[in-house]
Structures are given as C-alpha cells and as structure tokens.
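J.: sequence and computational prediction follow.
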Amino acid sequence: MSGVARDASSDHPVRDVAVVGAGPVGATLALALRGSDLDVVVADARAAGESIRADRTLALSHGARLVFERLGVWTPLAATRGAITPIVAIDVSQARGFGAVRLTAAEQGLPALGYVVSYRALQGVLDEALARARIDVRFGASVRAVRGSGDTATIDVAAPAEPLRARLAVVADGAASSVPAIARRRHDYRQVAIVAAVALDHPHGGVAYERFTAEGPVALLPERDHCALVWTCEPDAAAALIALPEPAFLASLAAHFGSRVRGFTGVGDRRSFPLALEVARNTTAQRVAVVGNAAQALHPIAGQGFNLGVRDAYDLARTIVETPREAIGSDAMLARYRARRALDRRAGIAFTHGLVQLFGNDRPWLRVPRGAGMMLLDAVPFAKRAFGRAMLFGMR
Ligand SMILES: Cc1cc2nc3c(=O)[nH]c(=O)nc-3n(C[C@H](O)[C@H](O)[C@H](O)COP(=O)(O)OP(=O)(O)OC[C@H]3O[C@@H](n4cnc5c(N)ncnc54)[C@H](O)[C@@H]3O)c2cc1C
C-alpha cells in the first residue's frame, strides 16, 4: 500500500491509523477513511462475524442515517429484514403532572425523526462493508494496551498477534480500557434500566413514548411488530419487577403509562443493566484519540449516546483526511479534532445529564416547571423545531 512507513526501531510497519474496536463507531470511522489512500488497520477482540453481546436496540437519529447513507451502509441496512423501524413521532409526558409535548417527523419535514436499529444487524452490515472495502480488519485481536510516544502509537495485542504501530491510534473499544493515558470520570445514577420486548393489542404506528414517572423515566420505542421498553428504576425495584409474573408486570407498566399508552398484552426477554455517566476527561492523549462509548457513555434517557459516537467517528475521519499524512496523530491534528467535537460533545452530555436530573426523580416542586417547559415546547413552533433539530443532528 502506498505511503507505508517503517520505524527503524522495529520490524513492524508504521500504519497511518490503527483503530481499536470494530464496533459500530470504530467501523464507521474506518469506512469514512476508505478511498483516502491512507493505510488503515482495525483490531477487534471478537471473532469474525460475531457480535460481542446479545442484541440491543440502538436509537439512531436522522443525522446518523445521513452519515450511514454517505458510507453506503444505509441501503443494505434498510434492506435487512426487521433491522430498522422508523420513529415518526415522539410523545413526551409526565405522570402525575400536566404538560406534554409531541414532536413529529412531518413538523421537521423529514420521513422519520429517527430509527430503532438492531445492534447485530447494523454490526453485520458494517462488517460486510469493511470486507467489501478491503480494509485490513484483524478479528480475534484483543488489544491489551495503547501507548503513544513522540511519533507513533504502539498497540499491544494479545499473543500470538504482533503489536501494531501507527501514527494515530483511535480507541473505539466502548470503554477506553486499554489506554492508561485516558482517565474517565464516572457518575453512578444508582439506577438500572430494565429492557424488554413489549407487545401491544394495536399497531405502534411508529410512535415512541417517553414518560417521566416518580420512579424514573420509561421509554417505549417502536420496533418491528412490538415495542422496545427501557424502564429506569432503582435496583431493588428492578429486581422485583423482573421477577413479577407477566400479568403483574404488564399491570405495573400500564399504571406507569396511564392514559398515554394502553393495551399491553405481553412482555419477553426482560433484562437490566446499571446506569452511569462515564466521560473521558480528555478525548486525546499523545498519538491517541478516543471515540464513541470509549469517549462518553451516557444514560439512555435521550437516545443521544450512539449518535454522538457516530459524529465523533465522522468528524475525526474528516480531520484526519484534511491533515497531511506526516502530521496525522500530531498534537496539532488532535487539537483540531478536540475543537471540532467540543461543543456537540459537551452539549450532548449536559443535555442528557440535565434531563436525568430534571426528570429522573420525584421532586414534586419540579413538576410545575417541567410541565410548563413541555407545554411551551409544544406550543411554540420555533422552539419545537430548534429542539427537534438539536436532537436529530446534534449541536455544531
Ligand atoms: C448495557 C448497555 C445498554 C445499552 N443500550 C442502549 C440502547 O438501548 N439504545 C442505545 O441507543 N444505546 C444503548 N447503549 C449504548 C450503545 O450500545 C453504544 O452507544 C454503542 O454500542 C457504542 O458503540 P461503540 O462502537 O463505541 O462501542 P461498542 O458497541 O461497545 O463496540 C466496541 C467494539 O470494540 C471491541 N473491543 C472491546 N474491547 C476490545 C479490546 N480490548 N481489543 C479489541 N477490541 C475490543 C468489541 O468487540 C466491540 O466490537 C447501551 C450501552 C450499554 C453499555
């Protein structure tokens, strides 16, 4: 491949970019660099064709769809049976309080506000696109440590694989666990999210519901012929809810949604996971950049986390291709990446964390301002469109 340099101190060629993690965000970055004539290598611990986890639903914004269209992965994803479900309206309300807001795709002049996407289906389509683009992806390569020095980053991979060297290492492993130079700040919400598949006695019509209750927010997302539930509550309450017989669980869910959603007929695949905000204190270190969940893992309340990660990957790819090859991974390039992401990242984190503080509790004195805020948003078209745009495309 053109432009491959060799480091005198090592037999290993110095690649331009080494990506750690071929999850949705790492794969997006690698695909966005295709056609740039850069020498890119990707290492992922999972075996080829496998997913690291049970399927999960990702909330994809319209802006993320545009990125996937540009990368040529949207059409095959949309053609995969059951992979995506459009969200045509989002209904936000609070239990035991007034005020509600309904955002619609029609108001935004878009076919959909966002999409509920199967993680596994997206991963499969991205893996195929990486293979079609002949990107050098090393599956079964578990990265132990990423260290930057003056002019290269070294990526230590578990034996028997050889270490990798690159001008820039991009860490997209979901946790930044392999980069000692990147410290993460953790805020434990002391809550868990119950996720489950819920059946209704009527078609969901593409409407997503977000309901703020005394115990925490509950979201219902349209997915294929059912709804995906994300129910936030305290760990003890979650354990009790998961253990409930199906009719009792559905009755409890119906009580939370009140008149906003009726007709729950079944629930399957109940699981829970702890909720925390984890933020990398700095998204770069010497010769290293972090993206996606490795840079920030957010509460799922606003469906912002994955979309921020896609924008991290896309903006980093733009920054890399705008940089002369010799300067890739330099302090100046990394500073440009940080500057490009600063506003959107800060706003996405603050918006999500603020929403948890405002809506994720039962302080009765907050019900009135919450209700007033929702009423205003619903009544003022300009505010509604501006809010919708920020949710769909992020802050730039
Ligand atoms: C429990 C949980 C539930 C979630 N639920 C939702 C949800 O309902 N809706 C939603 O929109 N978002 C949800 N998210 C967030 C969403 O999963 C992430 O935003 C998204 O997966 C981020 O993609 P990523 O590529 O950054 O990381 P990941 O998807 O975590 O991918 C990381 C990749 O790196 C690889 N890897 C990891 N460690 C190494 C290593 N040492 N060496 C090499 N490769 C490695 C993995 O194999 C994987 O392929 C959830 C997150 C969590 C943790």
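T.: That came through fine. Numbering: from 1, shown residues only.

J.: at the contact with the ligand, which residues of this structure appear?
T.: Residues of the chain lying near the ligand by C-beta under 6 Å from any ligand atom: 20-26, 43-46, 52, 56-59, 142-143, 172-174, 178, 230, 273, 292-294, 300, 303, 305-306, 309. Yep, even glycine has a C-beta here, placed from its N, CA and C like the rest.

J.: mind checking which of these are in helices?
T.: Mapping the residues of the chain next to the ligand onto helices (DSSP state H) picks out 24-26, 305-306, 309.

J.: lowest-confidence member of those residues, which is it?
T.: Of all these, G305 has the smallest pLDDT value, namely 88.

J.: how many neighbours does the nearest residue to that one once chain neighbours are set aside have?
T.: In this structure, G305 finds its nearest non-sequential neighbour in L298, 4.0 Å apart by C-beta to C-beta, 6 or more residues apart in numbering. Counted with other C-beta atoms under 10 Å, residues neighbouring L298 total 25.

J.: before we move on, what about the one 5 residues further on?
T.: The number of residues packed near G303 is 24, by other C-beta under 10 Å.

J.: I'd say it and A59 touch.
T.: Yes: when contacts are counted by C-beta atoms under 8 Å, G303 is listed as touching A59 (3.2 Å).

J.: got any ranges where the stretch 201-350 of the chain has weak pLDDT?
T.: Applying pLDDT under 70 to the stretch 201-350 of the chain picks out no residues at all.

J.: in it, which residue sits closest to the ligand?
T.: Nearest residue of the stretch 201-350 of the chain to the ligand: G292, at 2.4 Å (C-beta to the nearest ligand atom).

J.: show me the beta-bridge partners of R185.
T.: V279 (DSSP bridges).

J.: let me see the contact set for it.
T.: By C-beta atoms under 8 Å, 6 or more residues apart in numbering, the contact list for R185 reads 278-281.

J.: swap in V290?
T.: Applying C-beta under 8 Å, 6+ apart, the residues contacting V290 are 170-172, 176, 179, 182, 280, 283-284.

J.: who wins for neighbours among the residues you listed?
T.: V170 leads these on contacts (other C-beta under 10 Å) with 33 neighbours.

J.: can you classify it by secondary structure?
T.: Following DSSP: H, G, I helix; E, B strand; the rest coil, we place V170 in the strand state.

J.: okay, and the beta partners of the residue nearest to it when sequence neighbours are not counted?
T.: Residue nearest to V170 in three dimensions, not counting chain neighbours: V19, with 4.8 Å by C-beta to C-beta, 6+ apart. For V19, the beta-bridge partners are V42, V170 (DSSP bridges).

J.: and V19, how close does it get to T283?
T.: According to C-beta to C-beta, to the nearest Å, V19 and T283 sit 15 Å apart.

J.: and S259, by the same measure?
T.: Relative to T283, and taking C-beta to C-beta, S259 is found at 44 Å.

J.: cool, F139 as well?
T.: Taken as C-beta to C-beta, the span from F139 to T283 is 26 Å.

J.: ok, now R34?
T.: From R34 to T283 the distance is 23 Å (C-beta to C-beta).
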